[in-house]
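Engineer: Have a look; sequence and predicted model below, questions after that.
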Amino acid sequence: MFVLELTYTAPLERVDEFISDHLTWVKAQYEAGVFVASGRKEPRDGGVIIAVGSDRAAIEELAGTDPFSIAGVCEYRVMQFIATTVAPALEQFKEQPSA
C-alpha cells in the first residue's frame, strides 16, 4: 500500500482552478480500484490519498497524471508500507512482508 501526501505549491486560489479536474481524476482512480481513501489535510495545505498496489514506480507515474501535478500546483510524497494489520473491512488489502 501507499500513502500519497500532496502539498500545495501554489496559493489556494490557483489550486482551486484545477479542483474539478483533480476530483474527476481521483474518482477515476477509485473506479479503477487503486484508491481506497482520500481527503484534504487540515489545515488545507494539501491532501492525503491511500492507494493499493505493489509497484512504487507505477504509483509515482500515476501521481504525475494528476491535474494538480500537471498544472504544477502540488508536489507528491509517495510512501510505501506493508499493511500487515487492517480493520476487518480492509481485510482484502492485508499484506505479508517478504522474507
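Structural biologist: Yes, it's here.

Engineer: Show me the helices in the chain, by range?
Structural biologist: Remark: helices assigned in the chain by DSSP state H are 12-16, 19-31, 56-63, 67-71.

Engineer: Out of these, flag the one nearest Arg44.
Structural biologist: helix 12-16 (6.8 Å; C-beta to C-beta). Any C-beta I mention is one placed from the backbone N, CA and C, and that applies to glycine too.

Engineer: what's near enough to touch the nearest residue to Gly47 once chain neighbours are set aside?
Structural biologist: Leaving aside its chain neighbours, Gly47 sits nearest to Leu6 (4.4 Å; criterion: C-beta to C-beta, 6 or more residues apart in numbering). Each residue near Leu6 by C-beta atoms under 8 Å, 6 or more residues apart in numbering is listed here: 41, 46-49, 66, 68, 74-76.

Engineer: Name the stretch among the helices of the chain that sits most buried.
Structural biologist: Greatest average neighbour count among the helices of the chain goes to helix 67-71 (a mean of 18), per mean count of other C-beta atoms under 10 Å.
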